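**Student:** Any chance you can model this:
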Amino acid sequence: MKLTRVGLLATFMIGLAAMAGALLPPLYSSGHRHAGGGFNTSSIILQTNSNPQMVPIAGYAIITVAVPSTVYQNGFSVTAPTVSVWQDSTGACPLGTVAAGVTTSYFVSGPVFVSSASPSQATCTGTLDTRYMQANATTLTFTTTDITPTASQYASSLLILAGSPAAVHNLILPLTTIGQQWMIENNTGQIITVEGATGNGFAVPVGSNAVVWSDGTNFTGLTRSASYVLTTAGTAVTGTASETQAAVATIPANAIGIGTTLKVHYQGTITGHNGSDTLTVNVRFGTTTLTGTLVVTGNAINASSGWIFSGEVTFVGRAAAGATAAMVANGWFVDPAAAGGGTFRQTYIASTNFATNGALLCEVTLTWSSSSGTNSARVDVMNLSTN
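**Tutor:** Residues are numbered from 1 along each chain as shown. I've put the predicted structure just below:
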């Protein structure tokens, strides 16, 4: 009797996303451009057995591996062997295994290696279908649970986090996509932590943008935090002896968590002065105007027109966002003085609870000792950033 062999059929479907918005060049030239579709398709035959075979991928790709339930070996129907998939030729970065009758998708960067546990006379054949598409954005909407995106969702280079969840949540991405980076835009109103199924994650503050990546064990990243910048000179405080808000920055609700730092820098100018009247410059931090905790308590200075004042304070979150979340602060300030002069003074607040689950105000306030219309001062610079 003549024996025949029919190889194990495994189908590999790949979608490569261009990170810079341009189409990637096709791996094979047998495909064609679909009108308006923005992708090419082509096929090759892969031979896979117990020796690893390389799938030549250039860039990022979604691979779908489909293994049939049975194959014919030497004329007999047998259960299809398990196919192993990994990211490098040494097996140091396994993506997973695909059993008989199972279809699994992976997101990969660069060449992928596949093999089966079948004996050498039973080969594994398959087709590689490549589909190229523009880099795009995927919106993930949080409600009451964490989100684990599908392979087609996390193929996007930009993940926009939306929704109005009532608590912090996690975005769970694959640890095996070493070399892949995601841009994260957090519009949820809550801190979202990007993490894998195991290991440490990376927290993305409220209103911030971040780039995150995995080393195979943990997620880390860089954050471009939300910030406030006074783009024009503040309104002059004049004709009043009451403490008056000269500049303010608003920190969104839930933007401060454990380890979040917030830095404010300010500078102002005396533009008019009456006799022996004094000016006091303070910084407050809290939920309502002119009632927040005094972080900088300035001295009453008999200032002259043209003098300046300045300071800088760094806040650090000690607790998750909540109605009574601890924070500490430390900084310096210089009371009004001639440019190049003044006394450098330190300031701090010990652990103090703030309602970080709501919006917070960081205010620079000015108080004249009299309501003379000649007295005038303003804030020229105020920058606030979080990370």
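
**Student:** got any ranges where the stretch 1-150 of the chain has weak pLDDT?
**Tutor:** For the stretch 1-150 of the chain, the stretches flagged by pLDDT under 70 are 1-51, 56-63, 72-75, 89-93, 107-110, 117-135.

**Student:** do that again at 80, thanks
**Tutor:** Counting by pLDDT under 80, the ranges of the stretch 1-150 of the chain that qualify are 1-78, 80-96, 103-136.

**Student:** Show me what the helix or strand hosting residue 294 is packed up against.
**Tutor:** Take DSSP states H and E as the rule and residue 294 turns out to sit in strand 293-297. Applying 3 or more Cβ pairs under 8 Å, 6 or more residues apart in numbering; DSSP states H and E, one finds that strand 293-297 contacts strand 279-286, strand 308-317, strand 325-337, strand 344-354. (Glycine included, C-beta is placed from N, CA and C.)

**Student:** Now mean neighbour count too, for those, in a markdown table please.
**Tutor:** A markdown table is the format used below for the helices and strands packed on strand 293-297 (neighbours: other Cβ atoms under 10 Å):
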| stretch | mean neighbour count |
| --- | --- |
| strand 279-286 | 22 |
| strand 308-317 | 21 |
| strand 325-337 | 19 |
| strand 344-354 | 14 |
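
**Student:** Among those, single out whichever gets nearest to residue 268.
**Tutor:** Taking Cβ to Cβ, strand 308-317 is the member of the helices and strands packed on strand 293-297 nearest to residue 268, at 5.3 Å.

**Student:** List the neighbouring strands of the closest one plus their orientation.
**Tutor:** Strand pairing for strand 308-317, determined by DSSP bridges: strand 261-272 (antiparallel), strand 325-337 (antiparallel).

**Student:** Just the angle for the last one relative to strand 344-354, thanks.
**Tutor:** Read it as strand 325-337. 150 degrees (axes from the mean of the first three to the mean of the last three Cα atoms, to 10 degrees).

**Student:** what angle separates strand 325-337 from strand 293-297?
**Tutor:** Going by the same axes, to 10 degrees, strand 325-337 makes 30 degrees with strand 293-297.

**Student:** And for the spatially closest residue to residue 337 that is not a sequence neighbour, the neighbour number?
**Tutor:** Counting by Cβ to Cβ, 6 or more residues apart in numbering, residue 307 is the residue found nearest to residue 337 once chain neighbours are left out, at 5.7 Å. Using other Cβ atoms under 10 Å, residue 307 has 22 neighbouring residues.

**Student:** so who does residue 307 touch?
**Tutor:** 269, 270, 336, 337, 338, 339 (Cβ atoms under 8 Å, 6 or more residues apart in numbering).

**Student:** So it versus residue 341, what's the distance?
**Tutor:** 9 Å (Cβ to Cβ, to the nearest Å).

**Student:** distance between stretch 334-350 and the chain's centre?
**Tutor:** 36 Å (Cα atoms, centre = their mean, to the nearest Å).

**Student:** The helix or strand residue 185 falls within pairs with which strands?
**Tutor:** Per DSSP H and E, residue 185 falls inside strand 181-186. The strands beside strand 181-186 in its sheet (DSSP bridges) come out as strand 158-163 (parallel), strand 209-214 (antiparallel).

**Student:** how much space is there between the closest residue to residue 149 other than its chain neighbours and residue 206?
**Tutor:** Nearest non-adjacent residue to residue 149, counting by Cβ to Cβ, 6+ apart: residue 140, 6.2 Å away. Computed with Cβ to Cβ, the distance linking residue 140 and residue 206 is 16 Å.

**Student:** ok, now residue 65?
**Tutor:** 39 Å.

**Student:** what's the answer for residue 83, then?
**Tutor:** 43 Å.

**Student:** ok, back up a step: got a list of contacts for the strand holding residue 185?
**Tutor:** Strand 181-186 has contacts (Cβ under 8 Å, 6+ apart) with 154, 156-161, 171, 173, 192, 194, 204-213, 221.

**Student:** if you set the cut-off to 7 Å instead, what comes out?
**Tutor:** 157-161, 173, 192, 194, 204-213 (Cβ atoms under 7 Å, 6 or more residues apart in numbering).

**Student:** Quick check: ChimeraX command selecting the buried ones in the residues you listed.
**Tutor:** Buried residues among the contacts of strand 181-186 (16 or more other Cβ atoms under 10 Å), as a ChimeraX selection:
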select :157,159,160,161,173,192,194,204,205,206,207,208,209,210,212,213
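
**Student:** mind checking how far the spatially most central residue of the chain is from residue 158?
**Tutor:** Centroid-nearest residue in the chain: residue 210, 2.9 Å away (criterion: Cα atoms, centre = their mean). In this view, residue 210 and residue 158 are 11 Å apart by Cβ to Cβ.

**Student:** What of residue 358?
**Tutor:** From residue 358 to residue 158 the distance is 29 Å (Cβ to Cβ).

**Student:** ditto for residue 353
**Tutor:** Taken as Cβ to Cβ, the span from residue 353 to residue 158 is 37 Å.

**Student:** partners of the nearest residue in space to residue 306 that is not next to it in sequence in the sheet?
**Tutor:** In this structure, residue 306 finds its nearest non-sequential neighbour in residue 270, 6.5 Å apart by Cβ to Cβ, 6+ apart. Counting by DSSP bridges, residue 270 forms beta bridges with residue 377.

**Student:** Now do the same contact list for residue 270.
**Tutor:** With contact set as Cβ under 7 Å, 6+ apart, residue 270 has these partners: 279, 303, 304, 305, 306, 307, 336, 377.

**Student:** go with 6 Å
**Tutor:** 303, 305, 307, 336, 377 (Cβ atoms under 6 Å, 6 or more residues apart in numbering).

**Student:** so where's the stretch 151-300 of the chain shaky on pLDDT?
**Tutor:** 152, 155, 176-180, 224-228.
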